[in-house]
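**Q** Below: sequence and its predicted model.
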Amino acid sequence: MTLAANRIVAGEGVQVWQLATLAETLPGIAAVGAGLLLGVQAGRQRLRVAGAIIGLGGLFWLLMRGAPALMEGAGEYARVSPALGFWCLLLILMLLLADALAQRTPGPVARAGLLAAVLGTLGLILWSGALSPLSIMQEYAGRRDGFADAALRHLALAFGSLAVAAGIGFPLGILCHRKAGLRESVLPTLSLLQTIPSLAMFGLMIPILGWVGDSVPGARALGIAGIGFAPAFLALVLYSLLPVVANTVAGLAAAPPAALEAARGMGMTPGQRLWRVELPLGLPVILTGLRIVLVQNIGLAVIAGLIGGGGFGTFVFQGLNQTATDLILLGALPTVALALVSAIVMDILVELSRPIPKDTA
Amino acid sequence: MIEIDDLTKIYGDATAVDHVTMTVETGTITVIVGTSGSGKTTLLRMINRLEEPTSGEVRINGESTLATKPHLLRRRIGYAIQGHGLFPHHTVARNIGAVPQLLGWERDKIRARVDELLSLFSMEPAAFRSRYPAELSGGQQQRVGVARALASRPDLLLMDEPFGALDPIIRARAQDDLRRIQRQLGSTIMLVTHDMEEAIRLGDMVAVMDGGKLVQYATPAEIIAEPATPFVAEMVGDVERPLRLLSLIPLSELVEDGEAEGAAMPAGASLRDALAACLWTGRSAVPVEKDGATIGRVTFAAIRARAELHA
Ligand SMILES: Nc1ncnc2c1ncn2[C@@H]1O[C@H](COP(=O)(O)OP(=O)(O)O)[C@@H](O)[C@H]1O
Ligand SMILES: [Mg+2]
């Protein structure tokens, strides 16, 4: 852990056994040690899962016990944060948990259950206030309303752009699938868009939408301006188009040619072939495209903070300006968590959308 | 009755099908045979309008195929292709029920029809109904493909090299099955193959195509005995011609009074089988039986005389 006099200066390290009385830290240290020991039992996945959970429990125990103990008498502006040791252990134990679970290859339903359990536990810890002495939580406490706004904004940016990109991308993908000529002009154009560095893309939006906002009557009233939500949203939509269109085309092309020929020969109309054969067979690939877009946009939306688009990026860039590491983390950690959760949920959906049950294929 | 009237298909400057005219009787199997690129597939696909003819027309029971929208026409005509083309994400039952479903049949009626067809193809409905195509052997996939094409009791069944992907033993069984089922249902079938053996074995009539033209349209016996062009003769194959001919003639045609040694053969067996039995067991005649009773014999000399009739 580090303890700092205020939120800006670098803190000084405090070793784990100095956190609090030995009676309080010992169970935590023991649990982490036991967890790691159990974790190395290669081949005994159940033990490894248990080890990871015990270890994580110990780690959070230390965090919850140590933070208030350190804060005691350290002054009004003092801040405590987890240090390198904590983050390393957290990473190791999480990897251990993920690996052990993956070895057991849980089904989609089991995975959804696990995800809910992890989120529930995390929510409970946060809600209980046991971590509130931590610096990052104090940054949060100071921005409670701002955080909720930013979260909503971030979700709106990521999911909204996904929805719009899907709305444009699916029909475009279907058209590209049907007409080779169109495909050969559309896909390279979208690839080109994808290669524009994200900062440059957001930068480009400023003059373009600024001009639209100024010259098209009524555009300004709709909130279209050089900076703010609109340019960030548009940039994300543009980035999303390639994965959506490319995966739609690839998914639709996945149907075996003989099956399509048979479908035509038995008197299916082009629409029936699309709905009954091509889409069901291509759905996993198409959803994989949406997964790429969602994870990508949750990350990219951070940069929207730079052009006033809102979202968690606001905290990150404020934090960078003020060199307040914990404020950066307040923006970054929820973004990472959101991306992880979305990725897992989308993976589950992809799995469920497989047209042929896995054990038969 | 299917009337193909002066049908032509031109791609750019190549004529794939060149003024073909032929009539197919209801309830028969007609096999279109020719080398690769001779226009067989194109001819077949013009019948259900997967290809539009450059000129000419097709009439089914007197009605021009041009009078119906193509996709509605195709629902009345079964179509089975090489590599079966089953939908990998649908069960066997859904695959077979595909056309009835397009036609709006009721659920119960579709289910009954699926079970009926599975039984007809010697596949236990309870065991196969809910399997996916990937869970079937090649021969089973092919049978489901044909069952699907027959599901709505079509006026006509078109088959393009349906047995092309099967190994020889399964292939022979599939041909026998098709013959049996066609007789049982009285279906009208047009089948494309590049294999003259298959054409002779299956066809009531054989149509030989060469370079887009129909060069001979006749019964298998006529094709073997009197090939219309050197090309047809070559397809039949000079070496095997007598044997092919003998394989088309049943023992009942040559049976005569008299005794013979050894195991009896059924009257429906072919002269080719009897010849093989004579050679293999060193006999000069084989007894012939019908319904369990011996009705006479067929002699080696008689078989030889019959084969020489066309030499
Ligand atoms: N879509 C097409 N475009 C151009 N040429 C074609 C097309 N389909 C077939 N052909 C040509 O027509 C001829 C007959 O083809 P096809 O009917 O497939 O022959 P087969 O089935 O007897 O092998 C071939 O020379 C082939 O190259
Ligand atoms: Mg062909």
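**A** Structure received. Ligands and ions are numbered 1, 2, ... in the order given.
**Q** Distance of B:S36 relative to B:P70?
**A** Per C-beta to C-beta, to the nearest Å, B:S36 is found 27 Å from B:P70. (Each C-beta comes from the backbone N, C-alpha and C, glycine too.)
**Q** Tell me which of the two has more neighbours.
**A** Comparing B:S36 with B:P70 by other C-beta atoms under 10 Å in any protein chain shown, the one with more neighbours is B:P70, at 15 against 7.
**Q** Who are the contact partners of that one?
**A** B:N48, B:R49, B:L50 (C-beta atoms under 8 Å, 6 or more residues apart in numbering or on different chains).
**Q** how much space is there between it and A:R264?
**A** 9 Å.
**Q** likewise B:S252?
**A** Note on B:S252: its distance to A:R264, by C-beta to C-beta, is 46 Å.
**Q** Who has more neighbours out of those two?
**A** Taking other C-beta under 10 Å, B:S252 and A:R264 do not tie; A:R264 has more neighbours (21 against 15).
**Q** Surely that one forms part of a strand?
**A** No. Counting by DSSP: H, G, I helix; E, B strand; the rest coil, A:R264 is not found in a strand; it is helix.
**Q** Test my guess that it contacts A:R273.
**A** Yes. Counting by C-beta atoms under 8 Å, A:R273 is a contact partner of A:R264 at 6.9 Å.
**Q** What parts of chain B come near chain A?
**A** Residues of chain B lying close to chain A (C-beta under 8 Å from any C-beta of the partner chain) are B:48, B:50, B:71-75, B:79, B:81-89, B:98-99, B:102, B:131-132, B:134-135, B:145, B:148-149, B:158.
**Q** Of the residues you listed, just the buried ones, ChimeraX syntax please.
**A** Buried residues within those, by 16 or more other C-beta atoms under 10 Å in any protein chain shown, are selected in ChimeraX with:
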select /B:48,50,71,73,74,75,79,81,82,83,84,85,86,87,88,89,98,99,102,131,132,135,145,148,149,158
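**Q** From the residues of chain B next to chain A, which land in strands?
**A** Residues of the residues of chain B next to chain A located in strands (DSSP state E): B:Y79, B:I81, B:L158.
**Q** quick check, nearest of those residues to ligand 1?
**A** B:I81 (11.2 Å; C-beta to the nearest ligand atom).
**Q** per-residue pLDDT, the closest residue in space to the closest one that isn't next to it in sequence?
**A** Nearest residue to B:I81 in three dimensions, chain neighbours excluded: B:D160, at 4.9 Å (C-beta to C-beta, 6 or more residues apart in numbering or on different chains). Looking at B:D160, its pLDDT stands at 94.
**Q** B:D160 is in contact with B:V192, isn't it?
**A** Yes. Using C-beta under 8 Å as the test, B:D160 is close enough to B:V192 to be in contact (4.8 Å).
**Q** More neighbours: which of those two?
**A** Counted by other C-beta under 10 Å, B:D160 and B:V192 do not tie: B:V192 has more neighbours, with 27 against 21.
**Q** any idea which element the residue in the stretch 51-200 of chain B that ligand 1 sits nearest to lies in?
**A** Ligand 1 sits closest to B:V192 of the stretch 51-200 of chain B, with a gap of 6.5 Å, by C-beta to the nearest ligand atom. Assigned by DSSP states H and E, B:V192 belongs to strand B:189-193.
**Q** contact partners of that strand?
**A** B:2, B:24, B:28-33, B:40-41, B:43-44, B:47, B:156-164, B:178, B:182, B:199, B:202-203.
**Q** and if we set it to 6 Å?
**A** By C-beta atoms under 6 Å, 6 or more residues apart in numbering or on different chains, the list of residues contacting strand B:189-193 from outside reads B:29-33, B:40, B:44, B:157-161, B:182, B:199.
**Q** any weak-confidence spans in the stretch 201-350 of chain A?
**A** For the stretch 201-350 of chain A, residues meeting the criterion pLDDT under 70 lie at A:223, A:226.
**Q** how about the strands in it?
**A** In order along the chain, the stretch 201-350 of chain A carries no strands (DSSP state E, counting those that start in this stretch).
**Q** Now for A:R273: which residues touch it?
**A** Shown in contact with A:R273 (C-beta under 6 Å, 6+ apart): A:A263.
**Q** let me redo that: A:G51
**A** A:G35, A:L38, A:G39.
**Q** One more: A:L134?
**A** A:L134 touches A:A67, counting by C-beta under 6 Å, 6+ apart.
**Q** What pLDDT is listed against it?
**A** Reading off the model, A:L134 has pLDDT 78.
**Q** Can you give the domain ranges for chain B?
**A** Chain B breaks down by automatic domain parsing into domains covering B:2-237, B:244-308.
**Q** Tell me the helices and strands packed up against the worst-scoring helix or strand of chain B on mean pLDDT.
**A** Taking mean pLDDT, DSSP states H and E as the measure, chain B has helix B:241-247 as its least confident helix or strand, at a mean of 82. Under the contact definition 3 or more C-beta pairs under 6 Å, 6 or more residues apart in numbering or on different chains; DSSP states H and E, helix B:241-247 sits against helix B:220-225, helix B:271-281.
**Q** helices and strands around the last one, which ones?
**A** Contacts defined by 3+ C-beta pairs under 6 Å, 6+ apart place helix B:271-281 against helix B:241-247, helix B:300-308.
**Q** buried residues in the longest one?
**A** Buried positions in helix B:300-308, judged by neighbour count with 16+ other C-beta under 10 Å: B:F300, B:A302, B:I303, B:R306, B:A307.
**Q** Give me the distance between A:A100 and A:N247.
**A** With distances taken as C-beta to C-beta, A:A100 is found 31 Å from A:N247.
**Q** Next one: the residue lying closest to A:V302 once chain neighbours are set aside from chain B, what distance?
**A** The spatially closest residue to A:V302, leaving aside those adjacent along the chain, is A:G313, at 3.9 Å (C-beta to C-beta, 6+ apart). From A:G313 across to chain B, the span is 42 Å (C-beta to the nearest C-beta, to the nearest Å).
**Q** residue ranges for the helices of the stretch 101-250 of chain B, please.
**A** B:107-120, B:125-128, B:138-150, B:168-185, B:196-202, B:220-225, B:230-236, B:241-247 (DSSP state H, counting those that start in this stretch).
**Q** residues touching the residue lying closest to A:V216 once chain neighbours are set aside, list them.
**A** Distances taken as C-beta to C-beta, 6+ apart place A:I224 nearest to A:V216, at 7.7 Å, with adjacent residues excluded. For A:I224, the contacting residues are A:L209, A:V212, A:G213, A:A230, by C-beta under 6 Å, 6+ apart.
**Q** Of those residues, which is the most crowded?
**A** The contacts of A:I224, ranked by neighbours (other C-beta under 10 Å): first place A:L209, 23 neighbours.
**Q** Can you tell me how far that one is from ligand 1?
**A** Taking C-beta to the nearest ligand atom, to the nearest Å as the measure, A:L209 falls 48 Å from ligand 1.
**Q** Rebuild the contacts of A:I224 as a markdown table, extending it with distance to A:R104.
**A** A markdown table is the format used below for the contacts of A:I224 (distance: C-beta to C-beta, whole Å):
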| residue | distance to A:R104 |
| --- | --- |
| A:L209 | 49 |
| A:V212 | 53 |
| A:G213 | 54 |
| A:A230 | 46 |
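**Q** Widest-spaced pair of these?
**A** A:V212 and A:A230 (8.9 Å; C-beta to C-beta).
**Q** pretty sure B:A16 is in a strand, no?
**A** Yes. Assignment of B:A16 by three-state DSSP places it within a strand.
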